[in-house]
Structures are given as structure tokens and as C-alpha cells.
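Participant: Sequence and computational prediction follow.
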Amino acid sequence: MEIPLKKSLITGAIVAASVWALGAAPRQRVADDPAIPPRVPAVFPSTWRFPARARASFAPHAMVASDSRIASEVGAEVMKQGGNAVDAAVATGFALAVAFPEAGNLGGGGYMVIRMADGRVAALDYREVAPLAATRDMYVGANGKLTGESVIGPKASGVPGAVAGMLEAHRRFGTLPIAKVLAPAIRLAADGFTVDSAFNRSLSSAKYRIANYSGRPLFFADDSAPAIGSRFAQPALARTLQLIVDSGAVAFYRGSIADSIAAEMQRTGGLITKEDLARYRPMWREPIRSRYRGYSFICMPPSSSGGTTVTEILNILEAYAPPAPFGSADEIHAVASASQRAFIDRNSKLGDPAFVKVPAELTSKTYARVIAKTISRDRAEPTTHFASQIREGAQTTHYSVVDRFGNAVATTTTLNDLYGSGVYVRGAGFFLNDEMDDFTSKPGTPNMFGLIQGEANAIAPGKRMLSAMSPTIVLDPKGQLLLVTGARGGPRIISATSQIILNVIDHRMTLADAMSAPRLHHQSLPDSIQLEPGGFESAVIARLREMGHFVYEQRGIASAASIMRVKGGYDGLDDPRSRGGAAVGF
């Protein structure tokens, strides 16, 4: 994908900087920082598909890492023009809505964790909410089974929060005019970008989701996705973005864009009304602040479960034992057992704090010490032993930003499934989410990610559905920025985020190794450890089975985008499991 050069904000200077940052030229780092300890070379099994000791992108001043090279370039250029990390995060988010519509969006929502260089921290919740017409059992058919309407189609969509959230972040922390921040996204939509194989493949695989709704004429004009090498423009989306520049969130939530959303819902049988849109508000929340082996974390609180669950996992591991060698049966047993117990709490106790009381103990060290004592050194315990109180993919996108001033932003945003509900708002140019599936549609029945959740996350009008999104900022023992991270992939987001942190802190890996390392996932139910194929020695897997773990292999445990402070600047990396993303800096 590319931005038309004659109108691009991406000047020759930033293109050169991007090429250098991506490793095409030797690194020329500024003076070493003696406070940063050396990293330990990782060792992975010979069967693992990603080699150890790979190199991340490097930049001495500022960096953006995302699932879209175009969007990363846009964010870097905005910072080069004098914008800060929040300006860049907002610009990147709107560019993702154009160039990465499978997950970048105007019709979805997300979370943003911010740490300014002066020490201010903030957490912004712009998660979608259930429409006023939503009911607790709306997806349960007459036969008592789930209908599937929470996954595809107009009834799957919650009220979108992305536009309100990004504009609110810019209002509070941005420095550049919003017109300058959104200019690259408007140009991308109006003039188009060159279709690459990843974009063509993504659309082709989602034809079944899109083709029955209003997006078909644009995305499948000749009954197939835009050809590789063709230019793809979205004039309706360009008009929508310009309206947002001219009138702000009012245009989206009360003006002509709201009219288009409500009309699409009425045509297709959806629930979102103009009243729903007018009532929507993003929420500033107090971030979760925790520590692990001397390092500090800034995480997202509910309605996201990510910060709570990542914190609980790390607290349990800290209380359980010193870290075992990476990839050993002891390490996998410890991480899986901690994850199992944290997910039990996540699935039964967390929800929108406006509707349920979230137990404060879940992020406490005292509670973690109690939980850690339930983990045997050599034996797995079944989830049912602990979970009597429970009665009941890779579809998101994450990006990380650090600017030259030391400000940092971790943002995770989503439509839920790829291209959301498949419903496209004609005249406005974007897809609507299918986030209603993240509620507990029927206690005891898995959602699309296999999560079996409790009453705390039941559907209610105006309620935010629980999320696994885990945007996280890590500080070193001296309180300096170390890591900005997060991931896409449903509940596997929590596993990927926590394990990248463990790789950096416990195993002293470089960012490239921490991101490339094989991952595992345990979400309590189904009661099993998911391992990435080829990433773990056969003797280790055999030992885990002897301990009583059910182990199976499945490719691709989430996809992350991270930035880490290193000597002389920043390393940045989009996950090697991803396609088409990049870290770009200067």
C-alpha cells in the first residue's frame, strides 16, 4: 500500500528515515545509556519458524509500530511535523480506518493508555455500548440455542466509540490542529492507495461477511476483491473524515453521519438509533498501576479485562517462584497455571464498572499470593476444581507510539471479527462492529473465542461489553519508559501481552526475540494449553502431559506491535506473525 506521492504528507525525508529505521542502513545510535542493561540472546527450538536474534527497526527519536506500514508512516510524519505521540496515535488510528479496514475503524471502539513525559498518565475507554433496544437474551432462539446474530449482520453491532474516543484524546493531549492530524487519512481515502496481496487476500477471505450488505459494490465491484496493483479509493469515507474535521464528533454522533448510520440500521434491521449515537460518551478512567519484579506497569482497567488479567497473571507468577528457564516445562506450567486462574476471575467477575462492582482484590499482591499457593510444582489442576463459581482471533489491531519528547501511547482498537458485522454504512464509507458477541449471550455457552463468561458480562442497554484488549506501558525500575505493547487476537491478546513482558523482564530478551518467541495460551475453559507449533521441544510437551495438562498445538497466538527503549533510541516491531505491518521512525 502507498499514499500518492504528489499529495503525500510522507516527504522524501521521512521515507529515507523509514528505510533507515527498517534496517536498510547501519544503525547510528546516539550515546549509550548506561542505565539500560544488556539483553540476553534467546535460544529457540530448531523447529520454530521465527529465528532468534532477528533485528527490530531502530530510530533514535520517535517510533510508530502498527499492523499497516501506511498507518505507521502517517504517524511518524505527524510527529516529524511537530506533533506529539497522541497526535500521532490519532493520525495512525484514522489512517488504519482507511488502509486497514479489517480492523482499523470508525465503526468500532477501543482503548488508549497514555503516559506523558511529565509523568501524567491516563486511560481512555471508548469501547462500544449496547443499543437501548438490546435485551439480555436477544441472541437466544426459541429452541434455546444461540442464533448467530451476534456475529454477522445488523443486530451484532454496538454503538461505535472510535471517533469520539480519538477526538477526545486529541482534545486533551494533542498539540497539532485536528485538520493537520487527519489530513493524511483524508488523502488516503480520496486518492486511494495501491492494493497489495495482504489487502486483496484479507478482503477475499471475508467476502461471505461483506457481500450481502452495502459494501459489496465498493469492495467486490467485479464480484472479486480489488486486484493487486490497482488503486483503491474510498470517496464516501473521505467525505466522512472531512466532516469530522469540519464539525468534530457532532457530525458523527448527531449530524449527517449519524443519519447515515441510523438509516443503514433501519434498512437492514439493526438496533442502533440516532438516540443511541447522541448518548454515546468516551470515558476517562483511572489506569491500573502495578509492579512486577521492580518494574512498573500502566494498564487499562474495566471495561477492558486486559489490564486486570495481565496484572493478576504477573502478580501470581511473582508470588509463585523465581522465573524458570524460557521454554521449559516448569515455566510453561507456571505461566499456564497463572493464566488459568486469572481467566477464571476474568470470565466470572469482570464487566462494565457502571453495571457491576469489580473486585479490587484481583490486582492485589495479597490476593495473588493466595492464588499462587494453589499451584502445584508438578501437577496440573483442572479448571473445574477452582471454577465452581462460574455458572455459566486475530480480529483487532494494536499500535504503539513514542515521540521525541518521551510521551508514549498504547492503543488497541477493534471491530471484533474481521470487517465486524459485515454491515457497511453506505454514504459514510465504513463497517460497523460485531462487538455484541463479546457479551455473555447465553451463560455456559462459548462465544466466538471459546470464552465461557458469567452474569457480570450479560447484555444490558447502554452497557459496555467486556474486552480482552490490553494496551500496556512498562517503566523500568528507575521509572523511565521501557516498553509500549499490546496485541490483537481476542482473549489471546492477554497471553501475548503478558508473555512479551515476561520475555523482556524475566528472560532479558531483545524486543525482536521477545516478539518472535513461541507463545502459549490458557483461558481456563476449554481446560487446555494451546502451544504454537514447533515452538517447544517434544520432551517438554511430554513432561507437561505427564503433569496432567491437556496440550494441543495451534498456529498464531495473537499478533503484537511494540516499541522498546534501547541504548540510543527505540526499537520497534510489528509482530512477525502479522502481514503488512511495520515500525517506522526517525
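Facilitator: Nice, thanks for sending it over. Numbering: from 1, shown residues only.
Participant: rest of the way, CA atoms for contacts and neighbours
Facilitator: Will do.
Participant: which residues in the stretch 401-550 of the chain form strands?
Facilitator: Counting by DSSP state E, counting those that start in this stretch, one finds strands in the stretch 401-550 of the chain at the ranges 408-414, 424-425, 430-431, 472-475, 481-485, 487-488, 520-521, 529-531.
Participant: Give me the buried positions along stretch 409-427.
Facilitator: Within stretch 409-427, the residues that count as buried by 16 or more other CA atoms under 10 Å are 409-427.
Participant: re the thing from before, okay if I get the strands of the stretch 401-550 of the chain as a markdown table plus distance to residue 247 and mean pLDDT?
Facilitator: Shown next, in a markdown table, are the strands of the stretch 401-550 of the chain (distance: least, CA to CA, whole Å; pLDDT from 0 to 100):
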| stretch | distance to residue 247 | mean pLDDT |
| --- | --- | --- |
| strand 408-414 | 23 | 98 |
| strand 424-425 | 19 | 98 |
| strand 430-431 | 18 | 98 |
| strand 472-475 | 32 | 98 |
| strand 481-485 | 32 | 98 |
| strand 487-488 | 31 | 98 |
| strand 520-521 | 44 | 98 |
| strand 529-531 | 47 | 98 |
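Participant: Ok, which of those strands comes nearest residue 375?
Facilitator: Nearest to residue 375, of all the strands of the stretch 401-550 of the chain, is strand 529-531, at 15.3 Å by CA to CA.
Participant: Nearest residue to residue 551 in space, ignoring adjacent ones along the chain?
Facilitator: Leaving aside its sequence neighbours, residue 551 sits nearest to residue 529 (CA to CA, 6 or more residues apart in numbering; 4.9 Å).
Participant: how much space between the one you found and residue 96?
Facilitator: Taking CA to CA, to the nearest Å as the measure, residue 529 falls 33 Å from residue 96.
Participant: Please say which of the two ends up with more neighbours.
Facilitator: residue 96 (28 against 25; other CA atoms under 10 Å).
Participant: A strand includes that one, no?
Facilitator: No: counting by DSSP: H, G, I helix; E, B strand; the rest coil, residue 96 is not found in a strand; it is helix.
Participant: Do you know the pLDDT at it?
Facilitator: The model reports residue 96 with a pLDDT of 98.
Participant: what sits against it?
Facilitator: When contacts are counted by CA atoms under 8 Å, 6 or more residues apart in numbering, residue 96 touches 68, 71, 103-105.
Participant: Nearest to residue 270, out of the strands of the stretch 401-550 of the chain?
Facilitator: Closest of the strands of the stretch 401-550 of the chain to residue 270 is strand 424-425, at 11.7 Å (criterion: CA to CA).
Participant: any idea where the helices of the stretch 301-450 of the chain begin and end?
Facilitator: Secondary structure of the stretch 301-450 of the chain by DSSP state H, counting those that start in this stretch: the helices cover 306-320, 329-349, 365-372, 383-386.
Participant: With the stretch 101-250 of the chain instead?
Facilitator: Taking DSSP H, counting those that start in this stretch as the criterion, the stretch 101-250 of the chain carries its helices at 162-173, 178-191, 197-205, 207-210, 216-219, 235-247, 249-253.
Participant: List of residues touching the fifth one?
Facilitator: Outside of helix 216-219, the residues within contact range by CA under 8 Å, 6+ apart are 203, 210, 225-226.
Participant: Please apply the same query to the second one.
Facilitator: Residues outside helix 178-191 that contact it (CA under 8 Å, 6+ apart): 3-4, 7-9, 74, 78, 87-88, 90-91, 94-95, 98-99, 170, 232-235, 237-239, 241-242, 245.
Participant: Report the buried members of these.
Facilitator: Neighbour-count burial (16+ other CA under 10 Å) applied to these gives 3-4, 8-9, 74, 78, 87-88, 90-91, 94-95, 98-99, 170, 232-235, 237-239, 241-242, 245.
Participant: you'd agree residue 129 is up against residue 162?
Facilitator: No: between residue 129 and residue 162 there is no contact, the gap being 11.5 Å when judged by CA atoms under 8 Å.
Participant: show me the contacts for the closest residue to residue 355 other than its chain neighbours.
Facilitator: The shortest distance from residue 355 to any non-neighbouring residue, by CA to CA, 6+ apart, is to residue 463 (7.2 Å). By CA under 8 Å, 6+ apart, the contact set of residue 463 is 129-130, 352, 354-355.
Participant: Just the buried residues of these.
Facilitator: For these, buried by 16+ other CA under 10 Å: 129-130, 352.
Participant: Just the closest of the residues you listed to residue 273, please.
Facilitator: Nearest to residue 273 out of those is residue 130 (CA to CA; 11.2 Å).
Participant: Hmm, that closest one is touching residue 466, no?
Facilitator: No: contact criterion CA under 8 Å: residue 130 and residue 466 do not qualify, at 11.3 Å.
Participant: excluding its backbone neighbours, what's nearest residue 348?
Facilitator: Closest residue to residue 348 apart from its sequence neighbours, by CA to CA, 6+ apart: residue 454 at 4.6 Å.
Participant: Give me the number of neighbouring residues for the one you found.
Facilitator: For residue 454, the neighbour count with other CA under 10 Å is 26.
Participant: about what we covered before: tabulate the buried ones among the contacts of residue 463 (TSV), appending distance to residue 431.
Facilitator: Listed next are these as TSV, based on distance: CA to CA, whole Å:
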residue	distance to residue 431
129	16
130	17
352	24
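Participant: And these, which is closest to residue 42?
Facilitator: Nearest to residue 42 among those, with distances taken as CA to CA, is residue 352, at 39.7 Å.
Participant: if we take the contacts of residue 96, which one ends up nearest to residue 560?
Facilitator: For those, the nearest to residue 560 is residue 68 (12.2 Å; CA to CA).
Participant: where's that closest one relative to residue 583, distance?
Facilitator: Noted for residue 68: a distance of 9 Å to residue 583, by CA to CA.
Participant: Much appreciated, bye for now.
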